[in-house]
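>>> from the sequence below, what's the structure:
(one chain, ligands or ions: 1)
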Amino acid sequence: MDINKYSPKYRIRQTDLLRLADLTTEEIFEFLYVARALKKRFRVGENKPLLRGRTIGLLFGNASTRTRVSFEMGIRQLGGDYLFLPKNETQLSRGESIKDTAVMLGRYGISALVLRAFTMAEVEEFAHYSDIPVINGISDEAHPLQALSDLFTVWEQKGRLDNLKIAYIGDGNNVASSLIMGCAKVNMDVAIASPHGYSPSRSIVERGMQFGNVLITDDIAEAVHGADIVYTDVFISMNDDDDENKKRKLARYRVTPEVMALAKEDAVFMHCMPAHRGEEVSAEVIDGPQSIVYDQAENRLHINKAALTLLLDRRK
Ligand code: CP
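Residues are numbered from 1 along each chain as shown. Now for the predicted structure:
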């Protein structure tokens, strides 16, 4: 389906945003169209108070720059309020159950809950017990807001989504998994190049293959050949210890100017950040003319606002 021929309804069926596998192609397009509309308003300083009277809970279990700041600023821009809840300062860190926490947060008037750095099973448990929308702000298996921002960025930069090719180089982590599902559902070819043992999980790959072309390889050149987008992420992810063995195995999977030269001439470079120059990407690439990482990072703001307005609109 061509996003440019789609007529948005500014409405979705979902009550939560846990993973892209739950969304239809049309629902992915809805997020992107709403983000585009909100970004236009943001650019001209015309933010509507779409979240007035709403307080969003931000329950975070790890460090964050983009996710935290883009939610806090986005909520303010839409006239809402937020409660930042570091997990280690709640009773969750002392063994209180997810059920009790989820039910209580709704009773206190929280309108939606963003969870950061919980396992997918914990995110699902929150969603099961919450009366309010639950948004996955990163779990061990998925980073849906990141993948939606990435699709939005590609749409802006390339003018379309279908019949493009994205090559992801490096660790087959939560970001890679979400990209597989998101890109496959919008008819973008996905190629993942990872060393043996670091590919995305078989179940994610098989699910993605039901929707589109997904190639898993250990050959960087095969993945990058003909790519419109080259993407990477840090080698050490959410639940990894600083594993020297893993870094050694992934060292060859750095995106360098030589890797970029294997892609299409007008290919862009993307990274969800934070980035480690000299590790998964060389400085010449991330700081070079093909890099669109700051546009990509900015779009987290617009997608987060789209997620909140779409999920909360259902309950007005
Ligand atoms: N990409 C991303 O999730 O950034 P933060 O870790 O800074 O939130």
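>>> what does the stretch 51-200 of the chain put close to the ligand?
Counting by CB under 6 Å from any ligand atom, the stretch 51-200 of the chain comes close to the ligand at 64-67, 138, 146. Quick note: C-beta positions are derived from backbone N, CA and C, even for glycine.
>>> now with 5 Å, please.
Applying CB under 5 Å from any ligand atom, we find that the stretch 51-200 of the chain lies next to the ligand at 64-67.
>>> in stretch 278-297, which residues are buried?
Residues 279-282, 285-286, 290-293, 296-297 are the ones in stretch 278-297 that count as buried (16 or more other CB atoms under 10 Å).
>>> so for that stretch, what's the average pLDDT?
Here stretch 278-297 scores 98 as its mean pLDDT.
>>> how about the strands in the stretch 51-200 of the chain?
Counting by DSSP state E, counting those that start in this stretch, the stretch 51-200 of the chain has strands at residues 55-60, 81-86, 112-116, 134-136, 165-169, 189-193.
>>> most neighbours out of the residues of the stretch 51-200 of the chain next to the ligand, which is it?
Within those, most neighbours by other CB atoms under 10 Å means Thr67, with 22 neighbours.
>>> excluding sequence neighbours, find me the nearest residue to that one.
Closest residue to Thr67 apart from its sequence neighbours, by CB to CB, 6 or more residues apart in numbering: Gly137 at 5.0 Å.
>>> which residues touch the helix or strand where Arg36 lies?
Using DSSP states H and E, Arg36 maps to helix 25-43. Helix 25-43 is contacted from outside by 1, 3, 6, 8-14, 20, 23, 47-48, 77, 148-149, 151-152, 155-156, 182, 185-187, 299, 301-303, 305-307, 309-310, using CB atoms under 8 Å, 6 or more residues apart in numbering.
>>> the residue nearest to Thr67 contacts Phe71, correct?
Yes - the pair Gly137 / Phe71 is scored as a contact, 7.5 Å apart, by CB atoms under 8 Å.
>>> list residues touching both of those two?
Counting by CB under 8 Å, 6+ apart, the residues touching both Gly137 and Phe71 are 58, 114.
>>> who touches the residue sitting nearest the centre point of the chain in this structure?
Geometric centre of the chain, nearest residue: Gln146, 1.6 Å, by CA atoms, centre = their mean. Neighbouring residues of Gln146 by CB under 8 Å, 6+ apart: 138, 175, 178, 272, 300.
>>> now for the closest residue to Asn47 other than its chain neighbours, how many residues are close by?
Distance criterion CB to CB, 6+ apart; nearest residue to Asn47, sequence neighbours excluded, is Gln77 at 4.4 Å. Counted with other CB under 10 Å, the neighbours of Gln77 add up to 19.
>>> how confident was the prediction at Gln77?
Gln77 is given a pLDDT of 97.
>>> same check, this time on Arg314
47.
>>> for Asn239, same thing?
70.
>>> next one: the one 4 residues further on
The model reports Asp243 with a pLDDT of 87.
>>> from the ligand, how far off is it?
19 Å (CB to the nearest ligand atom, to the nearest Å).
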